[in-house]
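> all I have is the shape, not the residue letters:
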């Protein structure tokens, strides 16, 4: 099932991206010779109209083959030249090149919008809510639960997340008193099994526990993840509009985060010689898909949106064989007022594709090593 889900997600991302190129090319009057899912060798193909639709053996990608594309070979000026990629204006070619990026970004917006329309709109509150508890942590041992709201620490009322984090850090190794509000199964309000380790105060729970002085990497002294963001639902007729607004914000936020991550990754590689370890290829994405699949359909949708925005950002990078790399050749025409030789463009694109395949293999090897080391 994980493999099937992985292939479905990958197929959606590829088809949306290439579909953007396809529709933009058709709109511009460019002849589309082939719409392919995956890379050759070919498994199946069918010609409908003037376009051949194919499914290929290597599923990690796809392509739209346009008539007159320099990457495919030189096209002599003839009666059909006006329907070729090179026969169109620089503006039209730019639109076609960027259409895949835009399509992936819009898919992210749509997916995030649907998720927020169903789950509610995130809003900042004064509540410090526990949203995660680490196994074996003081929080788990003393009976704290996800959904608990921290009202006070050692009698000091808290409404700010950073203040809570700072106070807990200062109390490492010392016993503290937490006043907790629990909405359901509250032993201070209902006849439920509670256990020891707490007292009651005005219907809320009091816990005494000591934050760890040296918590494991990635965990805090208490072993809790906290948030002051809550999902708020409005009347059903408002939710699609409010969800769309949040969807746009989310897509831009992820896009900017990915840009910053790429900037840091390149900086570490060029200036410090540090090879990035967190870059994931198909195997890493498959592993992430397996983890997300266990958390529900909405998280799968969120994952699809993140991957789609990620694909949009990566494709606009000015690297050969990517959409951003193809824009460089259009820019060449603007600067030098003439087109680069088709042989040069074809050679650069071929070299870029070879480099991407090599990088894909290296990243896949790194993914496999990381998985094996986790056992």
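Received the coordinates, thanks. Just so it is clear, the structure is predicted and the values come from calculations on it, not from any experiment.
> okay, CA-based contacts and neighbour counts for the rest of this
Will do.
> can you pull out the strands in the chain?
Remark: strands assigned in the chain by DSSP state E are 32-48, 51-66, 121-133, 149-153, 156-157, 176-181, 198-201, 204-209, 224-232.
> could you spell out the sheet neighbours of the last one, each with its direction?
Spelled out, it's strand 224-232. Partners of strand 224-232 in the sheet, by DSSP bridges, are strand 121-133 (antiparallel).
> residue 91: neighbouring residues, count only.
10 (other CA atoms under 10 Å).
> check it and give its pLDDT.
With respect to pLDDT, residue 91 scores 92.
> same thing with residue 212?
90.
> quick check: closest non-adjacent residue to it.
residue 221 (4.5 Å; CA to CA, 6 or more residues apart in numbering).
> and residue 50, how many neighbours?
10.
> please, where are all the helices along the stretch 151-300 of the chain?
Taking DSSP state H, counting those that start in this stretch as the test, the helices found in the stretch 151-300 of the chain are 161-170, 239-267, 282-293, 297-315.
> contacts only, for the residue nearest the centre of the chain.
Taking CA atoms, centre = their mean as the criterion, residue 306 is the residue nearest the geometric centre of the chain, at 2.2 Å. Shown in contact with residue 306 (CA atoms under 8 Å, 6 or more residues apart in numbering): 108, 251, 254.
> ok, now with 7 Å
By CA atoms under 7 Å, 6 or more residues apart in numbering, the contact list for residue 306 reads 108, 254.
> I'd like the distance between it and residue 255.
In this view, residue 306 and residue 255 are 9 Å apart by CA to CA, to the nearest Å.
> surely residue 325 meets residue 319?
Yes: using CA atoms under 7 Å, residue 325 makes contact with residue 319 at a distance of 4.4 Å.
> mind giving me the domain ranges of the chain?
In the domain annotation for the chain, the residue ranges read 2-118+266-373, 123-232 (automatic domain parsing).
> need those domains in CSV with distance to residue 246, can you?
Formatted as CSV, those follow (distance: least, CA to CA, whole Å):
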stretch, distance to residue 246
domain 2-118+266-373, 6
domain 123-232, 10
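> okay, the ones you listed, which one's buried deepest?
domain 2-118+266-373 (a mean of 17; mean count of other CA atoms under 10 Å).
> that one: how far from the chain's middle?
Centre-to-centre, domain 2-118+266-373 and its host chain are 16 Å apart (CA atoms, centre = their mean, to the nearest Å).
> could the helices of the stretch 151-300 of the chain go into CSV alongside mean pLDDT and distance to residue 348?
CSV is the format used below for those (pLDDT from 0 to 100; distance: least, CA to CA, whole Å):
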stretch, mean pLDDT, distance to residue 348
helix 161-170, 88, 50
helix 239-267, 89, 21
helix 282-293, 77, 25
helix 297-315, 91, 16
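> adding distance to residue 30, write those out as JSON lines.
Shown next, in JSON lines, are the helices of the stretch 151-300 of the chain (distance: least, CA to CA, whole Å):
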{"stretch": "helix 161-170", "distance to residue 30": "55"}
{"stretch": "helix 239-267", "distance to residue 30": "30"}
{"stretch": "helix 282-293", "distance to residue 30": "32"}
{"stretch": "helix 297-315", "distance to residue 30": "22"}
